[in-house]
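**Student:** Make a model of this:
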Amino acid sequence: MYYDDLPLWAFIGKVEDENWTSDSKGSKYYLFTHVQFDALYNGNQVVEIHALSDPNHVLDITDDIDVTIDFTYSIFWNETSIPYKNRMERYLAASSLPILQQTHWFSFVNSIVIVIMLTGLLVVLFTRHLKNDLRKWSIGDEDEEKEVGWKYLHGDVLRCPANLPLFSAVLGCGAQLLTMIFILFVLAFLGISYPHSHGSLSNSIFISYLLTSAVSGYISSSFCIQYSETRQEASTLLTGTLFLGPFLFTAFILNTLAAYYNVTAALPLGTIFIIILIYTLVAIPLLVIGGVVGKRNKYDIQSSPIAKKSPREIPFLSWYRRTPAQMFIGGLLPFSAIVLELHNLCATMWGYKVYTSLGVLFITFLILVVLTVMISVGLTYFQLVVEDHDWWWRSVLRGGSTAIFMFLYCVYFYYKSNMSGILQACFFFGYCFCMCYAFFLVLGALSFRASLIFVRRIYHAVKSE
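**Tutor:** Here you go, the predicted structure:
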């Protein structure tokens, strides 16, 4: 329960076991019908509030019969000298408990160990194998050149990816959502928006998504125009609907269910109309402007010309070099580094915890980005070594696969919790799907950008040789 964005908790009932009852007819279930609120205020602002269930007002609901219940509440107001800006300090103190600090430290150590291992792997890759490959190529020994297969892909490695408009839209949406995440972190550090403040957080997400529409239009258009000047409009259209379409469909279903069950989560039609009107007048023009600017400011993505009209045949690949195996590896390692913080985040969104460690959350996100980039570069090199030049979509899939593990953990979290019912299940899985889908686009776009920089770098070195 929240009052003025302040969380408060209270028991709604109690259970008396059979050993405590006099009739020994089984457990008794009681519902508290009165709640007492104790509020502390400073001026005209509430600084602190507590909720206490009154054990003297209970109703026996053991029997499965229909009953009319009258709920009551009382509130006591007390003035305090605590300033309004310090009202969240007690929640910050709760997050500094030793057991919570140990959990954060264990998460950090786990993440650092994984980062160090991957860093060592990439150091070995660049200092030994990659440098040795370039040396063999420069010598020109035919017997040694046969061992260096990735150099022969210079005419295919930067070939236009399949389904170019969709691929460009993925990059544009990923860049937009990544920019929005950093804006939200900046607002949180400045004290403008808080994770526990549902109202201000929702407004910040909505406004930042509107303003970053120009980023998605620019990125998708500037990438698509490198290969086709006729499909740039389709790319811009897909960019505007790739994330927003599934999100609006999910929100429509959840809002319909909320209205059917008469819960306060349902948005009125007037609010929905205003949201659509603001998006139409702000986000769509920014998306179009970003697309036009991206079309006029295209950059040369190719570090080497396409020499062949037909793509090089890809040899038969072992199972561990195919897309499912690489998605499993590329998603499991980053997920294992953030799973503890993901649990705390889920407990904040759907449980009784209040997440106030913004610095920890930001560092965890940076670790996730670093691991995704490092794994993408390593797996791209291993893919090119076997003369497989179809790395474009695979880099996106293995980077975004972390979001699949995140959603599977959300499923596990739901079944381990006390949540039940159609409404609660739909809201939980609906919002978790949207969150994980957003991370899929963000991490997929980051993974591709890292792989693209790596590919251009090594083939530029080959061209220099």
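
**Student:** Cys173 sits in which helix or strand?
**Tutor:** If you go by DSSP states H and E, Cys173 is part of helix 164-189.

**Student:** Kindly apply the preceding question to Glu48 instead.
**Tutor:** For Glu48, the host element (DSSP H and E) is strand 45-53.

**Student:** which other helices and strands contact that strand?
**Tutor:** Secondary-structure packing of strand 45-53 (3 or more Cβ pairs under 8 Å, 6 or more residues apart in numbering; DSSP states H and E): strand 6-7, strand 34-42. Heads up, the C-betas are built off the backbone N, CA and C, glycines and all.

**Student:** tell me the mean pLDDT over the first one?
**Tutor:** Mean pLDDT, strand 6-7: 75.

**Student:** before we move on, what about stretch 48-67?
**Tutor:** For stretch 48-67, the mean pLDDT works out to 83.

**Student:** Can you get me the centre-to-centre distance for the helix holding Cys173 and its chain?
**Tutor:** Per Cα atoms, centre = their mean, to the nearest Å, the displacement of helix 164-189 from the mean C-alpha position of its chain is 11 Å.

**Student:** Just the angle for whatever helix or strand His460 lives in relative to helix 164-189, thanks.
**Tutor:** Element membership for His460 (DSSP H and E) is helix 422-464. Orientation note: helix 422-464 sits at an angle of 110 degrees relative to helix 164-189 (axes from the mean of the first three to the mean of the last three Cα atoms, to 10 degrees).

**Student:** what's the distance between helix 422-464 and the middle of its chain?
**Tutor:** Mean C-alpha position of helix 422-464 versus that of the full chain (Cα atoms, centre = their mean) differs by 10 Å.

**Student:** Just name whatever secondary elements that helix is in contact with.
**Tutor:** If contacts are counted by 3+ Cβ pairs under 8 Å, 6+ apart, helix 422-464 sits against helix 131-139, helix 164-189, helix 244-260, helix 323-350, helix 358-385, helix 392-416.

**Student:** Let me see the backbone angles for Leu59.
**Tutor:** Note on Leu59: its backbone torsions stand at phi -130, psi 130 [degrees, to the nearest 10].

**Student:** re earlier: confidence-wise, which of the helices and strands packed on helix 422-464 is weakest overall?
**Tutor:** Ranked by mean pLDDT, the helices and strands packed on helix 422-464 end with helix 131-139 in last place, scoring a mean of 58.

**Student:** what's the angle from the helix holding Cys173 to helix 392-416?
**Tutor:** Per the same axes, to 10 degrees, the angle that helix 164-189 makes with helix 392-416 is 50 degrees.

**Student:** got the buried residues for helix 164-189?
**Tutor:** 164-181, 183-185, 187-188 (16 or more other Cβ atoms under 10 Å).

**Student:** one step back: for Thr264, find the nearest of the helices and strands packed on strand 45-53.
**Tutor:** Counting by Cβ to Cβ, Thr264 lies closest to strand 6-7 out of the helices and strands packed on strand 45-53; the figure is 16.3 Å.

**Student:** contact partners of the following helix or strand past that closest one?
**Tutor:** Going down the chain from strand 6-7, the next helix or strand is strand 13-16, by DSSP H and E. For strand 13-16, the surrounding residues in contact (Cβ atoms under 8 Å, 6 or more residues apart in numbering) are 27-32, 55, 58, 61.

**Student:** can you give me how far strand 13-16 is from the chain middle?
**Tutor:** Relative to its parent chain, strand 13-16 has a centroid offset of 38 Å by Cα atoms, centre = their mean.

**Student:** Just checking: what are the partner strands of it?
**Tutor:** strand 28-32 (antiparallel) (DSSP bridges).

**Student:** contacts for the strand it pairs with?
**Tutor:** 10-16, 21, 53-55, 57-62, 69.

**Student:** run the last query once more with 6 Å
**Tutor:** Strand 28-32 is contacted from outside by 13-16, 21, 53, 58-62, using Cβ atoms under 6 Å, 6 or more residues apart in numbering.

**Student:** could those residues be laid out in a markdown table, adding neighbour count?
**Tutor:** Formatted as a markdown table, the contacts of strand 28-32 follow (neighbours: other Cβ atoms under 10 Å):
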| residue | neighbour count |
| --- | --- |
| Gly13 | 13 |
| Lys14 | 13 |
| Val15 | 10 |
| Glu16 | 14 |
| Thr21 | 13 |
| Ser53 | 18 |
| Val58 | 16 |
| Leu59 | 14 |
| Asp60 | 11 |
| Ile61 | 14 |
| Thr62 | 14 |
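
**Student:** Would you check which pair of those lies furthest apart?
**Tutor:** Within those, Thr21 and Ser53 form the most distant pair, 20.3 Å apart (Cβ to Cβ).

**Student:** next one: whatever helix or strand Ile278 lives in to chain centre, how far?
**Tutor:** Using DSSP H and E, the element containing Ile278 is helix 269-278. Taking Cα atoms, centre = their mean, one finds the center of helix 269-278 at 26 Å from the center of the full chain.

**Student:** Show the low-confidence segments of the stretch 1-150 of the chain, by residue range.
**Tutor:** 18-26, 90-107, 126-150 (pLDDT under 70).

**Student:** could you redo the last one with a cut-off of 50?
**Tutor:** Along the stretch 1-150 of the chain, segments meeting pLDDT under 50 span 143-147.
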